[in-house]
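Q: I would like the atomic coordinates for the input below:
(one chain, ligands or ions: 1)
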Amino acid sequence: MEKKLRVGVLGATGMVGQRFIALLEHHPWYEVVTVAASPRSAGRIYEEAVGDRWKMTTPMPEAVKKLVVMNVNEVEAVAASVDFVFSAVDMTKEEIKAIEEAYAKTETPVVSNNSAHRWTPDVPMVIPEVNPEHFKVIEHQRKRLGTTKGFIAVKPNCSIQSYAPVLSAWKEFEPYEVVATTYQAISGAGKTFKDWPEMVENIIPYIGGEEEKSEQEPLRIWGEIKDGEIVKAAEPVITCQCIRVPVLNGHTAAVFVKFRKKPSKEELIERLVNFKGLPQELKLPSAPGQFIQYMEEDNRPQVTLDVDFENGMGISVGRLREDTVYDYKFVGLSHNTVRGAAGGAVLCAELLTAQGYIEAK
Ligand SMILES: N[C@@H](CC=O)C(=O)O
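A: Prediction:
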């Protein structure tokens with residue numbers, strides 16, 4: 001790429017916004033030129049607006065420290081300064097829907113981490129290795145919005161990343177019934193132990209709205225485009241329990257699966273380790289070389305040892321074995337704020353750029 005694309009981060013002061021900024025620090029295609037946040041932070045320089053709430057383990061990038069935070073509600077002004085935006089705004093669902101559409105209508109592509117548009121029929125929700133063909137629905141969305149360049153694309157919820165790619169790798173064996181329990185890190189709620197002391201040595205068996213997302217979003221990922229809309233798949237049916245655990249980063253899933261065409265364990269592992277998609281073929285900057293690794297050791301994957309596999313963009317799977325009630329069971333692990341949030345969105349943007357959906361204005 002001759003000149004880097006100018007990027008804005010909406011919701012730049014929150015945890016996912018910070019993760020976008022950290023991930024984009026040395027990005028070969030993108031440069032963060034605009035940070036936008038609520039009117040409360042607007043007008044202050046970024047390092048002051050964030051203050052002691054910088055939650056990344058790497059230092060705040062020098063290039064953003066002195067940027068003046070713009071008011072995210074001043075859509076025209078923010079949009080005029082960028083080629084596209086990443087959205088991690090913290091508002092009500094209706095407000096997010098409206099503001100993301102407003103940005104798209106300024107001919108600014110929006111790649112969003114938010115759930116607000118995940119079920120808008122002509123908005124693609126994509127895991128780039130799994131359903132990149134869903135980006136084709138953008139042409140229908142642009143007609144609805146009356147835009148030529150602007151659109152919204154979203155990535156799915158963090159909780160599904162530890163098992164939906166795994167089940168995708170096994171599609172030919174026709175998984176039809178899945179039971180999953182997710183053990184979710186506190187950073188998924190935008191928190192650290194410092195600001196959520198209740199989570200030290202504790203487990204909370206409830207994450208609002210999470211079980212519905214975990215059960216339903218994979219079906220949309222596996223859906224098809226019909227008449228300009230994404231129609232969700234009917235199978236596999238998934239039932240899920242989502243539990244908050246005292247872990248900073250890393251969502252683990254313990255999963256049971258029934259298959260119509262029961263494979264051998266060797267076949268399942270072979271499909272996992274060879275599963276790849278367009279990000280690997282195109283060698284996109286954030287693509288993991290190995291999307292899914294299989295770990296033979298009985299005590300892996302472990303959060304502390306494996307969450308950063310492939311810089312947090314890979315999925316680790318282990319403990320695959322036959323089950324007495326279901327056909328197989330396994331454990332999956334993914335990084336919830338990298339692959340499961342900002343990193344997944346950056347990979348979507350890279351694929352959209354490679355395919356010509358995002359370009360310089
Ligand atoms: N809602 C999730 C975050 C995923 O995007 C969580 O609370 O862990």
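Q: Point me to the residue of the stretch 1-150 of the chain nearest the ligand.
A: residue 113 (7.1 Å; CB to the nearest ligand atom). All C-beta spots, glycine's among them, are computed from the backbone N, C-alpha and C.
Q: Residue 85 in helix, strand or coil?
A: strand (DSSP: H, G, I helix; E, B strand; the rest coil).
Q: Distance check, it against residue 193.
A: 31 Å (CB to CB, to the nearest Å).
Q: now residue 51
A: Distance from residue 51 to residue 193, by CB to CB: 18 Å.
Q: For these two, work out which one has more neighbours and name it.
A: residue 193 (13 against 10; other CB atoms under 10 Å).
Q: List the residues that contact the nearest residue to residue 223 once chain neighbours are set aside.
A: Among residues not flanking residue 223 along the chain, residue 232 sits closest, at 4.2 Å (CB to CB, 6 or more residues apart in numbering). Contacts for residue 232 were tallied using CB atoms under 8 Å, 6 or more residues apart in numbering; they are 216, 219, 220, 222, 223.
Q: Give me the ChimeraX select line for those residues, limited to the buried ones.
A: Those of the contacts of residue 232 that count as buried under 16 or more other CB atoms under 10 Å are selected in ChimeraX with:
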select :216,219,220,222,223
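Q: okay if I get the contacts of residue 232 as a markdown table plus pLDDT, distance to residue 278 and secondary structure?
A: Compiled in a markdown table, these are given as follows (pLDDT from 0 to 100; distance: CB to CB, whole Å; DSSP: H, G, I helix; E, B strand; the rest coil):
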| residue | pLDDT | distance to residue 278 | secondary structure |
| --- | --- | --- | --- |
| 216 | 98 | 25 | helix |
| 219 | 98 | 21 | helix |
| 220 | 98 | 19 | helix |
| 222 | 98 | 17 | coil |
| 223 | 98 | 18 | coil |
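Q: Which one of the contacts of residue 232 is nearest to the ligand?
A: Nearest to the ligand among the contacts of residue 232, with distances taken as CB to the nearest ligand atom, is residue 216, at 13.7 Å.
Q: how about the closest one, what does it touch?
A: residue 232.
Q: Helix, strand, or coil at the closest residue to the ligand within the stretch 101-250 of the chain?
A: In the stretch 101-250 of the chain, the residue that lies nearest the ligand is residue 188 (1.9 Å; CB to the nearest ligand atom). Here residue 188 is helix, with the state taken from three-state DSSP.
Q: Let me see the contact set for the nearest residue to it once chain neighbours are set aside.
A: Leaving aside its sequence neighbours, residue 188 sits nearest to residue 336 (CB to CB, 6+ apart; 4.8 Å). Contacts for residue 336 were tallied using CB under 8 Å, 6+ apart; they are 158, 159, 161, 184, 185, 187, 188, 249, 250, 251.
Q: The third one against residue 334, yeah?
A: What that stands for is residue 161. Yes: the criterion here is CB atoms under 8 Å, and residue 161 meets it with residue 334 at 4.1 Å.
Q: And these two? Which one has more around it.
A: Neighbours per residue (other CB under 10 Å) separate residue 161 from residue 334, with residue 334 holding more: 33 against 27.
Q: And that one, its phi and psi?
A: phi -140, psi 160 (degrees, to the nearest 10).
Q: residue contacts, it?
A: Residue 334 touches 158, 161, 162, 250, 251, 307, 315, 316, 340, counting by CB under 8 Å, 6+ apart.
Q: again with residue 68
A: 43, 44, 45, 46 are the contacts of residue 68 under CB under 8 Å, 6+ apart.
Q: close to the ligand, is the strand or helix carrying residue 183?
A: Taking DSSP states H and E as the criterion, residue 183 maps to strand 175-184. Yes: legend: contact between strand 175-184 and the ligand by CB under 6 Å from any ligand atom is shown at residue 184.
Q: That strand - contacts with which helices or strands?
A: helix 210-221, strand 237-244, strand 251-259 (3 or more CB pairs under 8 Å, 6 or more residues apart in numbering; DSSP states H and E).
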